[in-house]
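Asks: For reference, the sequence and a predicted model appear below.
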Amino acid sequence: MGTVVEPISLSRLALILIPVAAVIFIQWRWSISPRSTLQGIVRMLAQLLAVGYVLVFLFETDSPILVSLVLFIMISAASGIALRPLESSGYRLYLISFAAIVLGGLPVLYLATQWVIGVDPWYEPRYVIPLAGMIFSNAMNSVSLAAERFESERNRGMKPSEARFTALQTAMIPLVNSLMAVGLVSLPGMMTGQVLSGVSPLIAARYQILVMCMLFSASGIAAAIFLHLWAKRAAARV
C-alpha cells in the first residue's frame, strides 16, 4: 500500500457535485426551498478551500498564542451556531452555550492530546486544531439538539427538569448510534484517512477508539451542562 493519498484534481472533485445537484432538484420538485441547501454548499466549498490555506500557515506556526486564539474563535462560532434552531435566543443563552462547549470540550481535548497522544509541545497545531475541530463541532451539534428539544418541551408546558431529561435523551441518540455503528456500518473519517494514507488498520483503529470516546464524552458533557444551566435559569424564572 502506498504511503501518499492520491491527489484529487478540481475537475474530478466537481463530479461529486452531481448527486448534490440531484438532491437540490428533488427539493425543488417537491416545493421545498433549496435556498438553505445552496447557501450551505457555497459556504462549505468556500470555507474548506480557504481553510486549506489557513491550515498550511497554522501548521507551520510556533505560537501558542495564535493556536489559543484559533481555539477561542472555534468555540465562539460553535456556541452561536448551536443556538440557530431556537426561535429566540440572547446573550445569556449564548454564554450558557459557550460555557457548555468549553467545559465539555477543553478538558477532553487536554486529556486526549496531553495524556493519550502525548503531544509536545502542547499547542502543536497539527494535532490540537484538527482534534479540537472534531470535539467542538460535535459538542455544538449535541448542544443544538438539546436546546431545540428543551425549547419545544418547554413550549408544550413541560417543567424544566422534565424538559431537561427529554432533551438530553434526544441529544444522546446520534452519539449512541455512532458508537453502535462504528466498524460495523461505517468506517469514520479519521480511520479512513489514516488507512488511505498507508497507516496500519490496527493503529488506525486505536486512534479511532480515541476519537469516538473523545467525541462521545465531550458532546454528552456539553449537552448536560447546557441543559443544567438553562433548566436552572428557567426554573428560577418560573
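Replies: Thanks, I have it. Since the structure is predicted, the reported quantities are computational estimates derived from the model, not experimental observations. Numbers count the residues shown, from 1 in each chain.

Asks: Skipping its backbone neighbours, what lies nearest residue 191 in space?
Replies: Among residues not flanking residue 191 along the chain, residue 208 sits closest, at 4.0 Å (CB to CB, 6 or more residues apart in numbering). (Glycine included, C-beta is placed from N, CA and C.)

Asks: Is it correct that that neighbour is in contact with residue 182?
Replies: Yes. The pair formed by residue 208 and residue 182 meets the contact definition of CB atoms under 8 Å, at 7.1 Å.

Asks: starting at the chain centroid, how far to the one helix or strand residue 72 maps to?
Replies: Assigned by DSSP states H and E, residue 72 belongs to helix 64-81. Remark: helix 64-81 is offset 13 Å from the chain centroid, using CA atoms, centre = their mean, to the nearest Å.

Asks: nearest spatial neighbour of the spatially most central residue of the chain, skipping sequence neighbours?
Replies: In the chain, the centroid-proximal residue (CA atoms, centre = their mean) is residue 137; its distance is 1.7 Å. Spatial nearest neighbour of residue 137, excluding adjacent residues (CB to CB, 6+ apart): residue 78 at 6.6 Å.

Asks: What of residue 67?
Replies: Of all residues not flanking residue 67 in the chain, residue 123 sits nearest, at 4.2 Å (CB to CB, 6+ apart).

Asks: a helix runs through that neighbour, doesn't it?
Replies: No. Counting by DSSP: H, G, I helix; E, B strand; the rest coil, residue 123 is not found in a helix; it is coil.

Asks: please renumber so the chain begins at 592
Replies: New numbering, starting at 592: the last item is residue 714.

Asks: Would you mind giving the dihedral angles phi and psi of it?
Replies: phi -100, psi 10 (degrees, to the nearest 10).

Asks: What is the neighbour count of it?
Replies: Using other CB atoms under 10 Å, residue 714 has 20 other residues around it.

Asks: For it, which residues are in contact?
Replies: Applying CB atoms under 8 Å, 6 or more residues apart in numbering, we find residue 714 in contact with 654, 655, 658, 659.

Asks: Could you double-check that residue 671 sits in contact with residue 685?
Replies: Yes. Counting by CB under 8 Å, residue 671 touches residue 685, with 6.3 Å between them.
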